[in-house]
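Engineer: one predicted model, sequence on top.
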Amino acid sequence: FPVKEIQTKPFEGQKPGTSGLRKRVKVFQQEHYTENFIQSIFTSIAPLSSEFTLVIGGDGRYLSPETVQTILKIGAANGVAKFIVGCQSILSTPAASNVIRKYKANGGILLTASHNPGGPNADFGIKYNVSNGGPAPENVTDKIFAATKTITSYKVIEAPPVDLNKIGETTFGPAKVKIIDSVDDYITLLRGIFDIELIKQFLESHHNYTVLFDGLHGVTGPYATRIFTKLFALPESSVQNCVPLPDFGGGHPDPNLTYAKTLVDAVEANNIQFGAASDGDGDRNMIYGKGAFVTPSDSVAVIADWAEEAIPYFHKKNGGVKGLARSMPTSKAIDLVAQKRGLEYFEVPTGWKFFGNLMDAGRLSICGEESFGTGSDHIREKDGLWAVIAWLNILAYANSKSPNKLLGINDILQRHYSIYGRNYFSRYDYEEVSLEGAQKIVDALNQHLSASSLSNKEFTSTSTKEKYTVKDLSNFSYTDPIDKSVSKNQGQIVEFTDGSRVVFRLSGTGSQGATVRMYVERYVAPGAGDEALKKAAKDGLKGLIEVALDLSNLKEFLGREEATVIT
Ligand code: VG1
Ligand code: CO
């Protein structure tokens, strides 16, 4: 099988962001663009061992099947010995992480732009994961980026395309290709983690406790259908929008109150007790029942609090819960659980790649991000369906201890707040703003930082008249406790004397323009009383949000009156 070398020139901007390279489909369709990036992955990890095994999967979005064939051609020419590919090029992000680990592959390429819309005029993405099943750490993505800047040619093998719809083994040039069922291994994984029987019995004996999962036409559809209708034996009506579509049916497959409207509407209309949704590639989740919304920062704290008792994988006899972690902008609710339970806990930069080292070192079991990402050390990616089933497992367990009162999502939340207090949390996204405007916010905060000009400054909110005094302004930098690598400039944090804080960050996943994220958090202690603990987030945070907008001068710098999305 002759290896052909094809001449090319570097493209600008092939820098992997928070979670891989994400661009418009049209950008990837430029001649040599995709090939350059894929070759750069192989260049950066060369030399490949003679048994090198690569997993290929993704969320099935537009441009995926063609790109799988491109990876086969370039990968085989670069020395990949074996490919493991999800049938129809589909493997959810958590399923791919599991497959890499289970079959001891050396790495994986995931074709996804997560929750970004798909289709010829929307987004595509390519992400490299390493042998622990997690996203490539920064030292690897830096090497990939460096390779994209100096590339002069890429290697290919000419062989007939592989039929991605046919499960089984075949060959591609010198390499073996194994097409696997996209769902099987993942179901086996979950069966080994949760108390499936307990959940099934609970749902069977409480027919009024209705369940609805919305796949938003992303990749989780086939996984969820198997879990809900087969494992839990629920009716077909317990899942919706569960056929993956290359353009996600024209939607924006992001599980939050704005974009998962199909779920929100159905839950409200049909009085669904337990609703949930996942994103395009299956790593995010939202828990939402009638009159009950679980903010992701609370979700991971609740799961961490119940895990050891309720979820078999975390039972003491199976090793227990080792440590907890969150990304920096995520609320500190999980820290409080760690403190009470005497567990080690960590604050890492945004993006799942920072959790992997801690998990590999046996110091981290459960972690989450405010961006609807929750997960554990069962794999090295966040896991949407895992979080949904964790909640069902907790509800089933809590109810098994509560014979006289049926407990729902809100009961679990209120119980949590009464023990730990509540961390009101919200995120404001300003999408596709000008780079200059975004930079002005960052620069102004950096100036305050070097001049200490915000310290001790008091701000009064216009509507609530609450006063907030700045205690500290810092620029978040993280030193990995395991490999000591340092990640700087991960967001600016304004802390107030009452423990509240505001964080500003620029997104690293956008495909166009800049996105500014503003995160606000305010803690209310358990003793503050019911009324103070039961507010809607927007009311609990009203004053702080005004102060945050005021001190950052955000509206003026961005020329935007309103946020694009509020979560
Ligand atoms: C966003 C989120 C971050 C998440 C990342 C990937 O990154 O804030 O928490 O890990 O998306 O999620 P950024 O840099 O845009 O803020 V996913 O579901 O796109 O793989
Ligand atoms: Co995702």
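Structural biologist: Noted; the coordinates are in hand. Ligands and ions are numbered 1, 2, ... in the order given.
Engineer: drop to CA atoms for contacts and neighbour counts, all remaining ones
Structural biologist: Noted.
Engineer: where's the residue of the chain at minimum distance from ligand 2 relative to residue 22, distance?
Structural biologist: Distance from ligand 2 to each residue of the chain (C-alpha to the ion) is smallest for residue 114, at 3.7 Å. For residue 114, the distance to residue 22 (C-alpha to C-alpha, to the nearest Å) stands at 9 Å.
Engineer: for residue 375, what are phi and psi?
Structural biologist: phi -170, psi -170 (degrees, to the nearest 10).
Engineer: surely it is in contact with residue 367?
Structural biologist: Yes: assessed by C-alpha atoms under 8 Å, residue 375 is found in contact with residue 367 at 5.7 Å.
Engineer: tally of neighbours for residue 342?
Structural biologist: 11 (other C-alpha atoms under 10 Å).
Engineer: now list whatever residues contact both of residue 375 and residue 367.
Structural biologist: Common contact partners of residue 375 and residue 367 (C-alpha atoms under 8 Å, 6 or more residues apart in numbering): none.
Engineer: just checking, the residue of the chain closest to ligand 2 touches residue 280?
Structural biologist: Yes: using C-alpha under 8 Å, residue 114 is in contact with residue 280, at 5.1 Å.
Engineer: which of these two has more neighbours?
Structural biologist: Taking other C-alpha under 10 Å, residue 114 and residue 280 do not tie; residue 280 has more neighbours (36 against 29).
Engineer: which residues does the more buried one contact?
Structural biologist: With C-alpha under 8 Å, 6+ apart, residue 280 has these contacts: 59, 112-116, 216-220, 248, 253-254.
Engineer: flag every residue of the stretch 201-350 of the chain that's near ligand 2.
Structural biologist: 281, 283 (C-alpha under 5 Å from the ion).
Engineer: hmm, 8 Å instead?
Structural biologist: Selection of the stretch 201-350 of the chain residues close to ligand 2 by C-alpha under 8 Å from the ion yields 254, 279-284.
Engineer: if you rank these by neighbours, which is first?
Structural biologist: Highest neighbour count within those: residue 280, with 36 neighbours (other C-alpha under 10 Å).
Engineer: not counting sequence-adjacent ones, nearest residue to that residue?
Structural biologist: residue 218 (4.1 Å; C-alpha to C-alpha, 6 or more residues apart in numbering).
Engineer: mind listing the shared neighbours of residue 114 and residue 280?
Structural biologist: residue 59.
Engineer: contact partners for residue 217?
Structural biologist: Here residue 217 is in contact with 241-245, 248-249, 253, 280 (C-alpha under 8 Å, 6+ apart).
Engineer: how about the contacts made by the closest residue to residue 486 other than its chain neighbours?
Structural biologist: The spatially closest residue to residue 486, leaving aside those adjacent along the chain, is residue 479, at 4.4 Å (C-alpha to C-alpha, 6+ apart). Contacts for residue 479 (C-alpha under 8 Å, 6+ apart) come out as 485-487.
Engineer: counting neighbours, which of these comes out on top?
Structural biologist: Among those, the one with the most neighbours (other C-alpha under 10 Å) is residue 487, at 15 neighbours.
Engineer: which phi and psi values does that one adopt?
Structural biologist: As for residue 487, its main-chain torsions (degrees, to the nearest 10) stand at phi -120, psi 120.
Engineer: quick one: pLDDT of it?
Structural biologist: As predicted, residue 487 sits at a pLDDT of 90.
Engineer: how about the contacts made by it?
Structural biologist: Neighbour list for residue 487: 349, 477-479 [criterion: C-alpha under 8 Å, 6+ apart].
Engineer: can you rerun that using 6 Å?
Structural biologist: Residue 487 is in contact with 477-478, counting by C-alpha atoms under 6 Å, 6 or more residues apart in numbering.
Engineer: which strand residues bridge it?
Structural biologist: Beta bridges link residue 487 to residue 478 when assigned by DSSP bridges.
Engineer: what separates residue 118 from residue 218, distance-wise?
Structural biologist: Taken as C-alpha to C-alpha, the span from residue 118 to residue 218 is 10 Å.
Engineer: if we can go back for a sec, export the contacts of residue 280 as JSON lines, with columns for distance to residue 420, pLDDT and secondary structure.
Structural biologist: Shown next, in JSON lines, are those (distance: C-alpha to C-alpha, whole Å; pLDDT from 0 to 100; DSSP: H, G, I helix; E, B strand; the rest coil):
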{"residue": "59", "distance to residue 420": "37", "pLDDT": "97", "secondary structure": "strand"}
{"residue": "112", "distance to residue 420": "37", "pLDDT": "97", "secondary structure": "coil"}
{"residue": "113", "distance to residue 420": "36", "pLDDT": "95", "secondary structure": "coil"}
{"residue": "114", "distance to residue 420": "33", "pLDDT": "95", "secondary structure": "coil"}
{"residue": "115", "distance to residue 420": "32", "pLDDT": "93", "secondary structure": "coil"}
{"residue": "116", "distance to residue 420": "35", "pLDDT": "92", "secondary structure": "coil"}
{"residue": "216", "distance to residue 420": "34", "pLDDT": "96", "secondary structure": "coil"}
{"residue": "217", "distance to residue 420": "37", "pLDDT": "96", "secondary structure": "coil"}
{"residue": "218", "distance to residue 420": "35", "pLDDT": "96", "secondary structure": "coil"}
{"residue": "219", "distance to residue 420": "36", "pLDDT": "97", "secondary structure": "coil"}
{"residue": "220", "distance to residue 420": "33", "pLDDT": "97", "secondary structure": "coil"}
{"residue": "248", "distance to residue 420": "39", "pLDDT": "96", "secondary structure": "helix"}
{"residue": "253", "distance to residue 420": "33", "pLDDT": "96", "secondary structure": "coil"}
{"residue": "254", "distance to residue 420": "29", "pLDDT": "94", "secondary structure": "coil"}
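Engineer: contact residues of this structure facing ligand 2?
Structural biologist: 93, 112-115, 254, 279-284.
Engineer: returning to what we had before: my read is that the residue of the chain closest to ligand 2 contacts residue 283, right?
Structural biologist: No: with contact defined as C-alpha atoms under 6 Å, residue 114 does not count as touching residue 283 (8.0 Å).
Engineer: mind checking how far residue 2 is from residue 157?
Structural biologist: Taken as C-alpha to C-alpha, the span from residue 2 to residue 157 is 7 Å.
Engineer: just want the residue of the stretch 51-200 of the chain that's nearest ligand 1.
Structural biologist: Residue nearest to ligand 1 within the stretch 51-200 of the chain (C-alpha to the nearest ligand atom): residue 114, separated by 4.4 Å.
Engineer: OK, contacts around that residue?
Structural biologist: So residue 114 contacts 280-281 (C-alpha under 6 Å, 6+ apart).
Engineer: and the worst-scoring helix or strand of the chain on mean pLDDT, how far from the chain's centre?
Structural biologist: Every helix and strand of the chain was ranked by mean pLDDT, DSSP states H and E. The lowest is helix 530-533, at a mean of 83. Helix 530-533 has its C-alpha centroid displaced from the chain centroid by 30 Å (C-alpha atoms, centre = their mean, to the nearest Å).
Engineer: what do you get for stretch 526-544?
Structural biologist: Here the centre of stretch 526-544 is set off from its chain's centre by 27 Å, with C-alpha atoms, centre = their mean.
Engineer: ok, now stretch 72-82?
Structural biologist: 29 Å.
Engineer: what's next to that stretch, contact-wise?
Structural biologist: By C-alpha under 6 Å, 6+ apart, the residues outside stretch 72-82 that reach it are 3, 51-53, 155-157, 175-177.
Engineer: give me the three-state assignment for residue 169.
Structural biologist: The three-state label given to residue 169 by DSSP: H, G, I helix; E, B strand; the rest coil is strand.
Engineer: just to revisit the earlier point, list the buried residues of the least confident helix or strand of the chain.
Structural biologist: residue 533 (16 or more other C-alpha atoms under 10 Å).
Engineer: and the gap between residue 314 and residue 182?
Structural biologist: Counting by C-alpha to C-alpha, the gap from residue 314 to residue 182 is 26 Å.
Engineer: per-domain residue ranges of the protein.
Structural biologist: Domains of the chain are assigned by automatic domain parsing as 3-182, 187-420, 422-566.
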